[in-house]
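> Got a predicted model here, sequence first, then my questions.
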Amino acid sequence: MASKEISTQTIVSILEEETQLTLRDLCRACSVHAERIIELVEEGILEPAGTDIIEWRFTGTSLIRARTAIRLQQDLHINTAGVALALDLMDEIEELRRQLSALTGH
């Protein structure tokens with residue numbers, strides 16, 4: 001029987017998407033008040049599942065994105081709109097790197 005290798009990146013991706021965090025969980029994990037997370041949602045930086053704040057659920061990817069956003073705000077003093085732009089550009093760079101890697105086989 002052939003063994004199937006599962007990459008660390010695949011495992012991380014699965015965990016990022018399968019993790020479900022409430023607003024409270026996310027606030028605790030990021031060490032911020034709910035207002036900060038709500039601001040990130042309103043700016044479109046985070047996209048929780050659920051229609052009402054009480055029902056909001058965030059993925060592990062949201063946790064990483066929230067921490068990055070908060071770090072950009074704290075370290076570089078970027079406003080929320082600037083953070084949204086920076087994160088979009090970082091996402092685009094990552095996607096281009098994935099495409100280049102697929103093309104070159106690295």
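Ah, there it is.
> Remind me what whichever strand or helix holds Arg67 packs against, helices and strands.
Arg67 is part of helix 60-76, with elements assigned from DSSP states H and E. Helix 60-76 sits against helix 8-18, helix 23-30, helix 34-42, helix 80-104, with contacts defined as 3 or more CB pairs under 8 Å, 6 or more residues apart in numbering; DSSP states H and E. Every residue, glycine included, has its C-beta placed from N, CA and C.
> Go through those helices and name the closest to Trp56.
Checking the helices and strands packed on helix 60-76 against Trp56 by CB to CB gives helix 23-30 as the closest, at 5.1 Å.
> can you dump the C-alpha coordinates of the closest one into PDB?
Extracted in PDB, the C-alpha atoms of helix 23-30 (Å, rounded to 0.1, in the frame of the first residue of the first chain):
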ATOM      1  CA  LEU A  23     -15.900  37.000  19.100                       C
ATOM      2  CA  ARG A  24     -14.900  36.600  22.700                       C
ATOM      3  CA  ASP A  25     -12.400  33.900  21.800                       C
ATOM      4  CA  LEU A  26     -10.800  36.000  19.100                       C
ATOM      5  CA  CYS A  27     -10.600  39.000  21.500                       C
ATOM      6  CA  ARG A  28      -8.800  36.900  24.000                       C
ATOM      7  CA  ALA A  29      -6.500  35.400  21.500                       C
ATOM      8  CA  CYS A  30      -5.600  38.900  20.200                       C
END
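> which strands and helices sit next to it?
So helix 23-30, by 3+ CB pairs under 8 Å, 6+ apart, packs with helix 34-42, helix 60-76.
> of all the ones you listed, which lies closest to Ala86?
helix 60-76 (5.8 Å).
> Can you tell me what sits against the closest one?
Under the criterion CB atoms under 8 Å, 6 or more residues apart in numbering, residues 15-19, 21, 26, 29-30, 32, 36-37, 40, 45-48, 58, 78-80, 82-83, 86-87, 90 lie in contact with helix 60-76.
> Let's see that with 7 Å instead.
Helix 60-76 is contacted from outside by 15-17, 19, 21, 26, 29-30, 32, 36-37, 40, 45-46, 48, 78, 83, 86-87, using CB atoms under 7 Å, 6 or more residues apart in numbering.
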